[in-house]
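> Sequence and computational prediction follow.
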Amino acid sequence: MKLYRTRNGIFLSSDGSFCRLENASWDALIAHEDLYAHCLASTKNAQPSNEFSEADILPPIENQEVWAAGVTYYRSRSARMEESKDAGGGDFYDRVYSAERPELFFKATGRRVVGPGGKVRIRSDAKWSVPEPELTLVLSSSGRIVGYTIGNDMSSRDIEGENPLYLPQAKVYEGSCALGPCILLRPDPLPKETQISLRIVRGGEAAFSGKTALTELKRDPQLLADYLYRDNSFPYGSFLMTGTGIVPPDSFTLESGDQIEISIEHIGTLSNTVA
Ligand code: DO4
Ligand code: MG
């Protein structure tokens, strides 16, 4: 079952048909402790609707915060160590990869998030920018995983590599995060074999493509969520990006006009253009 936030209301899709959730509040839905069961019950009483249009899809966020985990894939650990070696930061990334406590950082508020078809941005003072395709957990107000979406953790690698203390500037800026197109609701966790892929198209041709799978994710998603909710409250629920396992070669940097397509099996594809 998939949940969509649109200009025309909130829609649920299951088995190819759509229904509108009448009088629903997005913040209340995301905070819900059993969103799957709640939505399943709602579909039982709802009439099918033909008013859903992909063109109306909005980012799946209102008052939630977006947080992110880092260095959760071996590929990310190696990339981070390489980019920060001149700054002496490499050791930190190696240590956090195997430490019990994960790296978690604040990523965005709803205002900074773009949805499907929206424009993500490169920082004006960055010289080396990449998208980071990440499975993104949708967490209830108590920190339970209630759904999944696709996230793009846009990152300025030169700023992050210059000094690990610059991480918030490398990660948090206008248009630095994309989420969508929907929230996948299911009664059980996503299978470990779930594939994540990234394609970057420039001038009609693939400039980079890569893939990984959840089998490569070193951390248990629920444990990442548990760390985030330690001594922190999220009354509207939250989004937690789980880190990237796909890193383009060091010679690659994003350019204005690039199209970024991130696909995660079972969820769909999130497409954005670079402003
Ligand atoms: O430590 C820097 C951030 C790493 C990150 O965003 C990732 O691994 O996805
Ligand atoms: Mg990331």
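Received it, and whenever you're ready, just let me know what you need. Ligands and ions are numbered 1, 2, ... in the order given.
> Let me know the distance separating the closest residue to ligand 1 within the chain from ligand 2.
Of all residues in the chain, the one sitting closest to ligand 1 is Gly70 (2.9 Å; C-beta to the nearest ligand atom). All C-beta atoms are positioned from the backbone trio N, CA, C, and that covers glycine. Separation of Gly70 from ligand 2 (C-beta to the ion, to the nearest Å): 6 Å.
> Could you check how far the nearest residue to that residue once chain neighbours are set aside is from Lys218?
Of all residues not flanking Gly70 in the chain, Glu103 sits nearest, at 4.1 Å (C-beta to C-beta, 6 or more residues apart in numbering). Distance from Glu103 to Lys218, counting by C-beta to C-beta, to the nearest Å: 11 Å.
> For stretch 49-57, list every residue counted as buried.
Going by neighbour count (16 or more other C-beta atoms under 10 Å), the buried part of stretch 49-57 is 52, 57.
> pLDDT of it, averaged?
Mean pLDDT, stretch 49-57: 97.
> measure that stretch end to end?
Counting by C-alpha to C-alpha, to the nearest Å, you get 15 Å between the two ends of stretch 49-57.
> now swap in stretch 202-219 and tell me
Terminal residues of stretch 202-219 lie 33 Å apart, using C-alpha to C-alpha.
> what do you get for stretch 57-72?
Length of stretch 57-72, first residue to last, C-alpha to C-alpha: 30 Å.
> pLDDT value on the spatially closest residue to Gly117 that is not a sequence neighbour, please?
Nearest residue to Gly117 in three dimensions, chain neighbours excluded: Ser271, at 6.5 Å (C-beta to C-beta, 6+ apart). Model confidence at Ser271, given as pLDDT, is 98.
> Ser271: neighbour count?
Around Ser271 there are 20 other residues, counting by other C-beta atoms under 10 Å.
> Show the contacting residues for it.
116-117, 259-262 (C-beta atoms under 8 Å, 6 or more residues apart in numbering).
> That one sits in which helix or strand?
Using DSSP states H and E, Ser271 sits in strand 268-274.
> May I have the strands that pair with that strand, each with its orientation?
Looking at strand 268-274 with DSSP bridges, its partner strands are strand 119-120 (parallel), strand 259-264 (antiparallel).
> From the rest of the structure, what touches the first one?
What that stands for is strand 119-120. 114, 131, 152, 154, 175-178, 260, 272-275.
> rerun at 7 Å
Contact with strand 119-120 is made by 114, 152, 154, 175, 178, 260, 272-275, as judged by C-beta atoms under 7 Å, 6 or more residues apart in numbering.
> ok, now how distant is the residue nearest to Gly117 from Val71?
Distance, Ser271 to Val71, using C-beta to C-beta: 27 Å.
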